[in-house]
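1. based on what follows, work out the 3D shape:
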Amino acid sequence: MTRSTIVRSTVLTVTTALAVAALAVPAEARHRPYADILPVVTPRAETPVLHDDDEGGNADADDPAIWRNAAAPDRSLVVATAKEGGLRVYDLDARLVQSIAAPPAAGEDDAPGRFNNVDLVHGLRLSSGKADLAVTSDRGHDRLRFYRVDRDRAGGPLTDVTDPAAPRVFSRDQAEVDDQRTAYGLATWTDPATGKSYALVSRRERTTVALLELLPTADGKVTYRKVRTLDLPSVFRLPNGTSWSPCAEPGELPQVEGMVVDPANGMLYAGQEDIGVWRMRADLTGTPKLIDKVREYGVPGTYDEETEECTPGTDPGFGGTRISADVEGLTLLTEPDGDGYVLASSQGDDTFAAYDREVEDANEYEGGFRVAAANDTLDGSEECDGAAVLNAPLGSKYPNGLLVVQDGHDAPGDGDRDATNFKFVDLGGVMDALDD
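-> Below is the predicted model:
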């Protein structure tokens, strides 16, 4: 970590009382087949398939963001990461509009670049005027990259405006970048009190979240400075008095990936993949609160170095009932009256959980749904990594708004090649499912 860029670092110490206050949930209740009883929504479209191998260009669908064209909503865009494949931009028919390569990493191993998550910043004031930006976490360089959105630009809607001198987010040198404990999850936030824009970035295989202030440069580029960091816990005190950490490869800590900020109250929601969903102030001050736990919370495990897998032990019954590890994509569904939901991808059972966005209601669980196959050729979403939702009219195609979800197992498959893509879902169907 580049200490000179840190204004203040906040390290969270989790007290025993936080975990002990949670009541144990009977195992039989926690393992109800929620996936079988939740309402179903179906996609209207899907993007072209991506393949994570050399033959297919090492592209693996991960995380989407929805950019609304206020002047012509029918011409809105979906910007999505394809990991080693860089960025993909799609229109509302899920057709490819632009492909941007991830710059190759600079380490000794000559590893390819790798874009992990993406989010949007609206109306950032650059030297050339206000601009909407797509922001992505570049794992290959441990940096953020910025792309100006211009729907009518002849060469494609995205233009790279990253300051070449932008600092590494977490790593002190290239050797640490090569260890790949680099920038991972990402969410953006503009503080209405100050007008300043920020990115919240998590670190791969660590529990750290960093707050970065986004800064325009004199030549129209964008850089950032680190404001502070916060470390979520890696060890938890269980109600039976024992300590627990989720099973993982030696040296790995339970990482955060999916994140979203509620602009109405400045709250950050962060998915710690093997733990659950946290709520905390987006400025990373104060004490985070674990609003829901995965079903596997508290289950011991033994790591097998030969298979590189964990063998679970007996479930003590301390986990939650609604989400199953990993907790992945988090997104915010806002409503005009101030209501709405925090949506979380429950990767372990291919479902989505919805929580009330009101902190006063303790982010109460409001229900869930599945994204299932629409027909023989348009399948649903499995092992979803990322999701984005926009509750605003998007022309004739999605007058009720749009939900975009990653599909970790696109079907029909292609032999032994991993196939992924993104599904486009009419938001009206999602709202109906949550109202049931």
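2. run through the stretch 51-200 of the chain and note the low-pLDDT ranges.
-> Within the stretch 51-200 of the chain, the segments meeting pLDDT under 70 span 53-57, 107-111.
3. go again using 80 as the cut-off
-> Counting by pLDDT under 80, the stretch 51-200 of the chain has low-confidence residues at 52-57, 105-112.
4. now do the helices in it.
-> In the stretch 51-200 of the chain, the segments counted as helices under DSSP state H, counting those that start in this stretch are 174-178.
5. can you give me the strands in it?
-> Secondary structure of the stretch 51-200 of the chain (DSSP state E, counting those that start in this stretch): strands at 64-67, 77-81, 87-90, 96-100, 115-126, 129-138, 143-149, 158-160, 183-190, 197-203.
6. list the contacts for P312?
-> By C-beta atoms under 8 Å, 6 or more residues apart in numbering, the contact set of P312 is 247, 296, 299-301. Where C-beta positions appear, they are placed from N, C-alpha and C, glycine not excepted.
7. in stretch 407-425, which residues are buried?
-> Buried residues in stretch 407-425, counted by 16 or more other C-beta atoms under 10 Å: 407-410, 418-425.
8. ok, now stretch 190-210?
-> Buried residues in stretch 190-210, defined by neighbour count with 16+ other C-beta under 10 Å: 190, 197-210.
9. go on, stretch 170-189?
-> Across stretch 170-189, burial judged by 16+ other C-beta under 10 Å covers 170-171, 177-178, 180-189.
10. what's opposite W189 in the beta bridge?
-> Beta-bridge partners of W189, counted by DSSP bridges, are Y198.
11. brain fart, A80
-> Counting by DSSP bridges, A80 is bridged to P64, R88.
12. mind listing what it touches?
-> The neighbourhood of A80, defined by C-beta under 8 Å, 6+ apart, consists of 47, 61-65, 87-90, 118, 386, 404, 406, 422.
13. one more: G258?
-> G258 sits next to 185, 270-271, 327-330, 344-345, 386-387 when contact means C-beta under 8 Å, 6+ apart.
14. go again with 6 Å.
-> By C-beta atoms under 6 Å, 6 or more residues apart in numbering, the contact set of G258 is 271, 328-330.
15. strands along the stretch 251-400 of the chain, start to end?
-> Counting by DSSP E, counting those that start in this stretch, the strands of the stretch 251-400 of the chain are 256-262, 267-272, 276-281, 289-293, 301-304, 309-312, 327-334, 340-346, 351-356, 365-371, 387-390.
16. residues near L230, how many?
-> Residues near L230, counting by other C-beta atoms under 10 Å, number 25.
17. again with V49
-> What V49 shows, counting by other C-beta under 10 Å, is a neighbour count of 19.
18. any idea how far it is from G276?
-> V49 sits 32 Å away from G276, going by C-beta to C-beta, to the nearest Å.
19. ok, now I37?
-> Counting by C-beta to C-beta, the gap from I37 to G276 is 21 Å.
20. the two: which is more packed in?
-> Neighbour count, other C-beta under 10 Å: between I37 and G276, G276 has more, with 23 against 9.
21. okay, the closest residue to the more buried one other than its chain neighbours: pLDDT?
-> The spatially closest residue to G276, leaving aside those adjacent along the chain, is K293, at 3.9 Å (C-beta to C-beta, 6 or more residues apart in numbering). Confidence at K293, expressed as pLDDT, is 98.
22. what is the burial count for K293?
-> Number of residues near K293 (other C-beta under 10 Å) recorded here: 25.
23. next up, the contacts around it.
-> Applying C-beta under 6 Å, 6+ apart to K293 gives the contacts 276, 319-320.
24. A353 contacts L343, correct?
-> No - if you go by C-beta atoms under 6 Å, A353 and L343 don't touch, sitting 7.2 Å apart.
25. the two: which is more packed in?
-> More crowded of A353 and L343, by other C-beta under 10 Å: L343, with 28 against 25.
26. any idea how far D142 is from the residue lying closest to that one once chain neighbours are set aside?
-> What sits nearest to L343 in space, not counting adjacent residues and going by C-beta to C-beta, 6+ apart, is T331, at 5.1 Å. The spacing between T331 and D142, counted by C-beta to C-beta, is 25 Å.
27. what does F170 give?
-> Distance, F170 to D142, by C-beta to C-beta: 6 Å.
28. narrow the buried residues of stretch 407-425 to those in strands?
-> 407, 419-425 (DSSP state E).
29. show me which of those residues is closest to C310.
-> When those are ranked by distance to C310 (C-beta to C-beta), T420 comes first, at 23.7 Å.
30. give the bridge partners for the closest one, please.
-> Under DSSP bridges, the beta-bridge partners of T420 are L50.
31. let me see the contact set for it.
-> Residues in contact with T420 (C-beta under 6 Å, 6+ apart) are 50, 60-61, 408, 410.
32. just name the closest of the contacts of P312 to L133, please.
-> Nearest to L133 among the contacts of P312: E296, at 36.7 Å, using C-beta to C-beta.
33. measure the closest one to P399 for me?
-> In terms of C-beta to C-beta, E296 sits 39 Å off from P399.
34. cool, and G113?
-> Counting by C-beta to C-beta, the gap from G113 to P399 is 38 Å.
35. distance to A218 and pLDDT for the ones in strands among the buried residues of stretch 407-425 - can I get that in a markdown table?
-> As requested, those are exported to a markdown table (distance: C-beta to C-beta, whole Å; pLDDT from 0 to 100):
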| residue | distance to A218 | pLDDT |
| --- | --- | --- |
| D407 | 43 | 97 |
| A419 | 45 | 92 |
| T420 | 40 | 95 |
| N421 | 40 | 97 |
| F422 | 37 | 98 |
| K423 | 42 | 98 |
| F424 | 39 | 98 |
| V425 | 42 | 98 |
